[in-house]
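In: my questions are about this predicted structure, shown below with the sequence.
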Amino acid sequence: MALVLFDKDAVIDFIPEWNGNRESDKPFVVKLKYISFGKMRGYAQKIDAALKSTKDEAEKAEKTLDVQKQQFIDNVTGFENVTIKGKKVTDPVEFYDLAPPDLIYEILNAMQDYQKLTEGQRKNS
């Protein structure tokens, strides 16, 4: 069986399943980069370093979320069919701050999981 990998700089059109989006006539699309194991390990090391100096559980959770937000911002490059009050959303920070948590987690998981990312790719038909 052949294995086809994503290029480290490739931007992939990912269509989240969230709220029936993939079945929509006009689904929203997240343009993102796949996070290789090496890159994922780098984010894990950032979390580990941030937690070493912290004893408080709430602060640990906050630092972990900060690294996850940075991961999202670093690897999402744009969107299609996403608006706020009629204005197109182009900024990953704005999207991250306004989108539902379960949608953010689906996108983060897709970045790190080759199979999930492949399932959510836009089909060329």
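Out: Looks like it arrived, so ask away.
In: pretty sure Lys46 is touching Asp66, no?
Out: No. Lys46 is beyond contact range of Asp66, at 9.1 Å (criterion: Cβ atoms under 8 Å). Glycine gets a C-beta too; all of them are placed from N, C-alpha and C.
In: need the residues touching each of the two.
Out: Applying Cβ atoms under 8 Å, 6 or more residues apart in numbering, one finds that no residue jointly contacts Lys46 and Asp66.
In: for the two, indicate the residue with more neighbours.
Out: When Lys46 and Asp66 are compared for neighbours, Lys46 comes out ahead with 17 against 13, by other Cβ atoms under 10 Å.
In: elements contacting the longest helix seen in the chain?
Out: Counting residues, the longest helix in the chain under DSSP state H turns out to be helix 57-75. The helices and strands touching helix 57-75, judged by 3 or more Cβ pairs under 8 Å, 6 or more residues apart in numbering; DSSP states H and E, are helix 37-52, helix 92-98, helix 101-112.
In: just name the most buried of those.
Out: Here the criterion is mean neighbour count by mean count of other Cβ atoms under 10 Å, and of the helices and strands packed on helix 57-75 the winner is helix 101-112, at a mean of 18.
In: list the contacts of the helix or strand following that helix.
Out: On the C-terminal side of helix 101-112, the closest following helix or strand by DSSP states H and E is helix 114-119. Residues outside helix 114-119 that contact it (Cβ under 8 Å, 6+ apart): 5-6, 12, 14, 34, 109-111.
In: let's go with 6 Å and repeat that
Out: Helix 114-119 is contacted by residues 34, 109-110 when judged by Cβ atoms under 6 Å, 6 or more residues apart in numbering.
In: keeping just the C-alphas, turn stretch 2-16 into PDB.
Out: What follows is stretch 2-16 as a C-alpha-only set of coordinates in PDB (Å, rounded to 0.1, in the frame of the first residue of the first chain):
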ATOM      1  CA  ALA A   2       1.400   3.400  -1.000                       C
ATOM      2  CA  LEU A   3       1.500   6.200   1.500                       C
ATOM      3  CA  VAL A   4       1.000   9.800   0.400                       C
ATOM      4  CA  LEU A   5       2.000  12.400   2.900                       C
ATOM      5  CA  PHE A   6       1.200  16.100   3.200                       C
ATOM      6  CA  ASP A   7       3.900  18.600   2.300                       C
ATOM      7  CA  LYS A   8       4.900  20.500   5.400                       C
ATOM      8  CA  ASP A   9       4.000  23.900   3.800                       C
ATOM      9  CA  ALA A  10       0.800  22.700   2.000                       C
ATOM     10  CA  VAL A  11      -2.400  24.500   2.800                       C
ATOM     11  CA  ILE A  12      -5.300  22.000   3.000                       C
ATOM     12  CA  ASP A  13      -8.900  22.800   2.600                       C
ATOM     13  CA  PHE A  14     -10.600  21.100   5.500                       C
ATOM     14  CA  ILE A  15     -14.400  20.900   5.800                       C
ATOM     15  CA  PRO A  16     -15.400  20.300   9.500                       C
END
